[in-house]
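Peer 1: Next one to model:
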Amino acid sequence: MKKPELLAPAGNLEILKIAIEYGADAIYIGGEEYGLRAHAKNFDIDQIKEAVFYAHARNKKVYVTVNILAHNNDLKGMKDYIKQLDEAKVDAIIVADPGIFMIANEVAPNLEKHISTQTSTTNYKAVEFWNNLGATRVVPARELSINEINEIKTKLPNVEIESFVHGAMCISYSGRCLLSNYFTKRDANRGNCAHACRWKYYIMEETRPGVYLPVVEEERGTYVFNSKDLCMIGKLGDLIKVGVDSFKVEGRMKTEYYVANVIRAYRKAIDDFFESEEKYNSNINSYFDMIKKASYRDFTTGFFYDRPDEKDQNYETASYIRDYDYCALVLEYDKKNKVAKVMQKNKFILGDTLEVMTKDGREFEIVVNEIKDEDNNNVTEAPHPQQILYLKIEQEVSLYDMIRKKIK
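Peer 2: Reported below is the predicted structural model:
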């Protein structure tokens, strides 16, 4: 069996570095145009070059999303942009639009093209079609089962298959949504989604205007389009055995803390499986525990095993479950004095019990007995975001380790 690539999202350069440090094999990012996350911070071309340099120095890969469904105006500047990506030595672009694919073949014939889930590729002949045009990898429609993916891999073993394994599920077919455009004139297929599927809805009967009918037992309305989040961490062996080449985590709008937690958990799960399937199976609960220390929604396995039904929907709320606050990011560690330089992320105070999460897999508690600011003054609390502080930590920590606090 081939060990799958672990593919992480990154909305900015700092998150890209953190994803790599926490175990990602590859990162997918968006440029300032032509991707489906217009409200992420995204990368300008100089940042893309820096990202590629950082990743390649660590033998990791960078893929750039160019996966809008383009209108005529969107094609202006497309040739120059793809040329710039090719010159920046990105490892692949992720494409959904056939016109953009043709442009990429014309101006950057040696640049790898991956086919986005936005194309709704649902069968092996469609995969073969894209492969014949020059695509090396396909992200099939999220609506495919493991058996369907297995048939594609059996018929086309040389085409890479990338599957989402974790993150938000779009209620529309493979993310091709019209709700956002209809309600707000923000085109989800051009990167400007308003997340209308997370809104609260009522049903009103035509002849009784103003009388709102309940769909479920929830007096304030119902989130009729609101899917649970995909999570396959307890079923990775099934995907590995059918030959999925890349495990993709959704979330280019997510925080560095979320990405670090999820990637760390999937990295351990994959490595444990390839060490011993027995070890993986015995540790499944611990993987879920790791993921749940970041914000999350209830989980589903999506379409992989059967058609989702009401058990895969969350009718009561679109909110996340959050049991921990992300308090600080480690920047440096003074081994001699056992003092960590940290950047504050959320408030903590003297006397708090905090938990340290390290890149190398350790978790341990510390009690905040002393906080010093940059002028070496003792302070009793850390209320200011981005403030640089110094904490006594007996166990060694390093850059990008994280500190959190359980919410009581």
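
Peer 1: Helix or strand with the lowest mean pLDDT in this structure?
Peer 2: The weakest-scoring helix or strand in the chain, judged by mean pLDDT, DSSP states H and E, is strand 212-213 (a mean of 60).

Peer 1: partner strands of the next helix or strand after that strand, parallel or antiparallel?
Peer 2: Next helix or strand after strand 212-213 toward the C-terminus (DSSP states H and E): strand 229-231. Here strand 229-231 is paired, per DSSP bridges, with strand 160-167 (antiparallel), strand 299-300 (parallel).

Peer 1: Averaged pLDDT, the helix or strand that strand 229-231 is followed by. What do you get?
Peer 2: Note on strand 229-231: by DSSP H and E, the next helix or strand toward the C-terminus is helix 236-241. For helix 236-241, mean pLDDT is 96.

Peer 1: buried set for helix 236-241?
Peer 2: Across helix 236-241, burial judged by 16 or more other C-beta atoms under 10 Å covers 236, 238, 239, 240. C-beta coordinates here come from the backbone N, C-alpha and C atoms, glycine included.

Peer 1: Can you check the distance spanned by stretch 89-107, start to finish?
Peer 2: Length of stretch 89-107, first residue to last, C-alpha to C-alpha, to the nearest Å: 14 Å.

Peer 1: If we go by neighbour counts, what in it is buried?
Peer 2: 90-97, 100-101, 103-105, 107.

Peer 1: Export only the CA atoms of the top helix by length along the chain, formatted as PDB.
Peer 2: For the chain, the helix reaching the highest residue count under DSSP state H is reported as helix 256-275. Extracted C-alpha coordinates of helix 256-275, given in PDB (Å, rounded to 0.1, in the frame of the first residue of the first chain):
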ATOM      1  CA  GLU A 256      -3.600  28.400  12.500                       C
ATOM      2  CA  TYR A 257      -4.700  26.600  15.700                       C
ATOM      3  CA  TYR A 258      -7.400  24.700  13.800                       C
ATOM      4  CA  VAL A 259      -5.100  23.600  11.000                       C
ATOM      5  CA  ALA A 260      -2.300  22.600  13.500                       C
ATOM      6  CA  ASN A 261      -4.700  20.400  15.500                       C
ATOM      7  CA  VAL A 262      -6.300  18.700  12.600                       C
ATOM      8  CA  ILE A 263      -3.100  18.100  10.600                       C
ATOM      9  CA  ARG A 264      -1.300  16.800  13.700                       C
ATOM     10  CA  ALA A 265      -4.100  14.300  14.300                       C
ATOM     11  CA  TYR A 266      -4.200  13.000  10.800                       C
ATOM     12  CA  ARG A 267      -0.400  12.900  10.600                       C
ATOM     13  CA  LYS A 268      -0.400  10.600  13.600                       C
ATOM     14  CA  ALA A 269      -3.300   8.500  12.400                       C
ATOM     15  CA  ILE A 270      -1.600   7.900   9.000                       C
ATOM     16  CA  ASP A 271       1.800   7.100  10.500                       C
ATOM     17  CA  ASP A 272       0.200   4.800  13.000                       C
ATOM     18  CA  PHE A 273      -1.700   2.900  10.300                       C
ATOM     19  CA  PHE A 274       1.500   2.300   8.300                       C
ATOM     20  CA  GLU A 275       3.400   1.200  11.400                       C
END
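
Peer 1: I'd like to check the angle between that helix and strand 160-167, please.
Peer 2: Following axes from the mean of the first three to the mean of the last three C-alpha atoms, to 10 degrees, one obtains 120 degrees for the angle between helix 256-275 and strand 160-167.

Peer 1: Can you name every helix or strand that the helix or strand harbouring residue 278 contacts?
Peer 2: Take DSSP H and E as the rule and residue 278 turns out to sit in helix 277-282. Helix 277-282 sits against helix 236-241, helix 256-275, with contacts defined as 3 or more C-beta pairs under 8 Å, 6 or more residues apart in numbering; DSSP states H and E.

Peer 1: what's the most buried one of those helices?
Peer 2: helix 256-275 (a mean of 22; mean count of other C-beta atoms under 10 Å).

Peer 1: now it: mean pLDDT?
Peer 2: Across helix 256-275, pLDDT averages out at 97.

Peer 1: now it: how far from the chain's centre is it?
Peer 2: 12 Å (C-alpha atoms, centre = their mean, to the nearest Å).

Peer 1: Can you name the residues bridging to residue 61?
Peer 2: residue 26.

Peer 1: Could you number the chain from 2 rather than 1 from now on?
Peer 2: OK, 2 is where the count begins now, so the last one is residue 62.

Peer 1: Is it correct that it is in contact with residue 113?
Peer 2: No. The pair residue 62 / residue 113 is not scored as a contact, 9.6 Å apart, by C-beta atoms under 8 Å.

Peer 1: Find residues that contact each of the two.
Peer 2: 92, 93 (C-beta atoms under 8 Å, 6 or more residues apart in numbering).

Peer 1: buried residues in stretch 395-404?
Peer 2: Neighbour counts over stretch 395-404 (16+ other C-beta under 10 Å) mark 398, 401, 402, 403, 404 as buried.

Peer 1: and the end-to-end length of that stretch?
Peer 2: Start and end residues of stretch 395-404 are separated by 14 Å (C-alpha to C-alpha).

Peer 1: Identify the residues contacting it?
Peer 2: With contact meaning C-beta under 8 Å, 6+ apart, stretch 395-404 is reached by 18-19, 22-23, 258, 261, 327-334, 336, 339, 341, 343, 355-360, 363, 365, 367, 392.

Peer 1: Let me see the ranges of the strands in the stretch 302-409 of the chain.
Peer 2: Along the stretch 302-409 of the chain, the stretches classed as strands by DSSP state E, counting those that start in this stretch are 325-335, 340-345, 349-350, 354-358, 364-368, 372-373, 379-380, 382-383, 389-393, 403-407.

Peer 1: Chain neighbours aside, what residue packs nearest to residue 96?
Peer 2: Leaving aside its sequence neighbours, residue 96 sits nearest to residue 102 (C-beta to C-beta, 6 or more residues apart in numbering; 4.9 Å).

Peer 1: and residue 83, how far is that from residue 91?
Peer 2: Distance, residue 83 to residue 91, using C-beta to C-beta, to the nearest Å: 10 Å.

Peer 1: Can you pull the residues that touch both of these two?
Peer 2: Common neighbours of residue 83 and residue 91, counting by C-beta under 8 Å, 6+ apart, are residue 112.
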